[in-house]
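Asker: the following block contains a protein sequence and its predicted model.
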Amino acid sequence: MSDQISIPAVYMRGGTSKGLLFNHNDLPKDKSKLDKYLLAAMGSPDLRQINGIGGATSVTSKVCIISKSKQKNVDIDYLFAQVIVDKAKVDYGPTCGNMLSAVGPFSIEKGFINAEENETKINIRSVNTGSIIEAVVPTPNKKLKYMGDFEIDGVPGKGAPILLKFKNIVGGATGKMLPAGTPLIIVNGIEVTCLDISMPIVMAKASDFGICGNEKSNELNKNLELLNKIEEIRVIAGAQMGLGDVSGKVIPKFALLSKPLNGGTITSRYFTPNTCHETHAATGTNCIASACLISNTIASQISQIEVKKENKVSVEHPLGSIDCFVETNLSTKENKNDFIVSCGIYRTSRKIMDGNIYIPENLNDL
């Protein structure tokens, strides 16, 4: 016995992110109490997160809360929580496509889903956005397979490929694919595209912000003038997207786009929103890849690719690239909500630790 509470949890890497996964039934239902639990588990607010398990970056301070779904044709409900590193705040607004690659294996490990022969298909509902994702998890001989020969940029080593096919991803936060009304608007003299596909993003040309667009993330994170300009435009654009005052919120995200340098379709520097992502968010990849296929967006102006029913779009990021397979509905107009049918991305995941996380019984002690 001690003055700490133990909660079952699994620590996993999902794609290029890392975080804790919980069974919904092991956490408090009261939101304010839940926030305190998650902040304590991660060690926020603290730039080092020294008193918790968080990794002191936004991509390593994530939580997935998993439950068996009660909805028809859905297997798993996935609630994502972004635990802010340096603030006493938990944001349930966004979702995380990278961590989604850990949800399927976790669900099998914990008995929510029975493994099938060869591969197991799991329909996952993002509680945050309402989108449906089909995860195809390798399960040869009905056994989970984490190791393999598939590589993703930003993660050392190799793993087993997990296909994430995102469906029903248009307008999750705003109800519209083009929440500002048109593919281009002018904010403070800068052309931007506001798109809500899988993740609401404000996109602009890197050159309009005085950068080449191929800089490393740590270089951009030191450019305070750039970050302040991004935030000023993001807040104005967020209001025009119908998201209200987005100051202090993590959506919409922001992306600076430029020509590809290594054979890809487009180069992106993705801001989360106050720091540049070391690689690229999966949901953000869906949005930017889709934007390449929608006429008159910043992304389509740069990429200039031919739109087909099945499209492979390669988004270059600071540590390599990520491929997105976008299905379109060619029988409708490009600016309509039903134009983007689905987006598919391959990721890998790995279970790192399975056990209990400990938090103080009296959270006021923190």
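Answerer: Structure's in. What do you need? Predicted model, so just to flag it, every value in this text is computed and none were measured.
Asker: helix or strand for residue 337, just tell me which one.
Answerer: Assigned by DSSP states H and E, residue 337 belongs to no helix or strand.
Asker: that one contacts residue 177, doesn't it?
Answerer: Yes. Between residue 337 and residue 177 there is a contact under C-beta atoms under 8 Å: 5.0 Å. Every C-beta, even on glycine, is put in place using the N, C-alpha and C of the backbone.
Asker: helices of the stretch 51-200 of the chain, start to end?
Answerer: 97-109 (DSSP state H, counting those that start in this stretch).
Asker: er, the stretch 251-366 of the chain actually
Answerer: Using DSSP H, counting those that start in this stretch, helices in the stretch 251-366 of the chain cover 282-291, 298-303.
Asker: pick the most buried one from those helices.
Answerer: helix 282-291 (a mean of 30; mean count of other C-beta atoms under 10 Å).
Asker: still on that earlier bit, need the residues touching each of residue 337 and residue 177.
Answerer: 170-171 (C-beta atoms under 8 Å, 6 or more residues apart in numbering).
Asker: tell me the centre residue of this structure?
Answerer: The chain has residue 96 as the residue nearest its centroid, 3.0 Å off, counting by C-alpha atoms, centre = their mean.
Asker: and that residue, what are its phi and psi?
Answerer: phi -140, psi 110 (degrees, to the nearest 10).
Asker: pairing partners for the nearest residue to it once chain neighbours are set aside in the sheet, please.
Answerer: Closest residue to residue 96 apart from its sequence neighbours, by C-beta to C-beta, 6 or more residues apart in numbering: residue 80 at 5.0 Å. Beta-bridge pairing of residue 80, defined through DSSP bridges, involves residue 64.
Asker: hang on, the earlier thing: now for the residue nearest to the centre of the chain: which residues touch it?
Answerer: So residue 96 contacts 14, 17, 62, 64, 80, 82, 281-283 (C-beta under 8 Å, 6+ apart).
Asker: ok, so of those, who is nearest residue 246?
Answerer: residue 82 (14.1 Å; C-beta to C-beta).
Asker: so how far is residue 251 from the closest one?
Answerer: Going from residue 82 to residue 251 by C-beta to C-beta, to the nearest Å gives 10 Å.
Asker: what touches both of those two?
Answerer: Shared contacts of residue 82 and residue 251, counting by C-beta under 8 Å, 6+ apart, come down to 93-94.
Asker: select the longest helix from the protein.
Answerer: Ranked by residue count and defined by DSSP state H, the top helix of the chain is helix 224-240.
Asker: tally of neighbours for residue 358?
Answerer: 16 (other C-beta atoms under 10 Å).
Asker: follow-up on the earlier one: more neighbours: which of residue 337 and residue 177?
Answerer: residue 177 (24 against 14).
Asker: poorly predicted segments of the chain, please.
Answerer: Residues of the chain that meet the criterion pLDDT under 70 lie in 365-366.
Asker: quick one, domains of it?
Answerer: 4-161+349-365, 185-346 (automatic domain parsing).
Asker: Serialize the ones you listed to a markdown table and add fields for distance to residue 170.
Answerer: Below are the domains of the chain laid out as a markdown table (distance: least, C-beta to C-beta, whole Å):
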| stretch | distance to residue 170 |
| --- | --- |
| domain 4-161+349-365 | 9 |
| domain 185-346 | 5 |
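Asker: now for those, which one comes closest to residue 171?
Answerer: Short answer: domain 185-346, nearest of those by C-beta to C-beta, at 5.2 Å.
Asker: what's the spacing between the residue nearest to the centre of the chain and residue 295?
Answerer: From residue 96 to residue 295 the distance is 29 Å (C-beta to C-beta).
Asker: same thing with residue 310?
Answerer: Counting by C-beta to C-beta, the gap from residue 310 to residue 295 is 19 Å.
Asker: try residue 248
Answerer: For residue 248, the distance to residue 295 - C-beta to C-beta - is 34 Å.
Asker: with residue 128 instead?
Answerer: 29 Å.
Asker: compare neighbour counts for those two and give me the winner.
Answerer: Taking neighbours as other C-beta under 10 Å, residue 128 and residue 295 compare with residue 128 leading, 20 against 11.
Asker: all strands for the stretch 51-200 of the chain, in order.
Answerer: Under the criterion DSSP state E, counting those that start in this stretch, the stretch 51-200 of the chain contains strands at 62-68, 76-83, 90-91, 118-126, 132-139, 162-167, 185-187, 190-197, 199-205.
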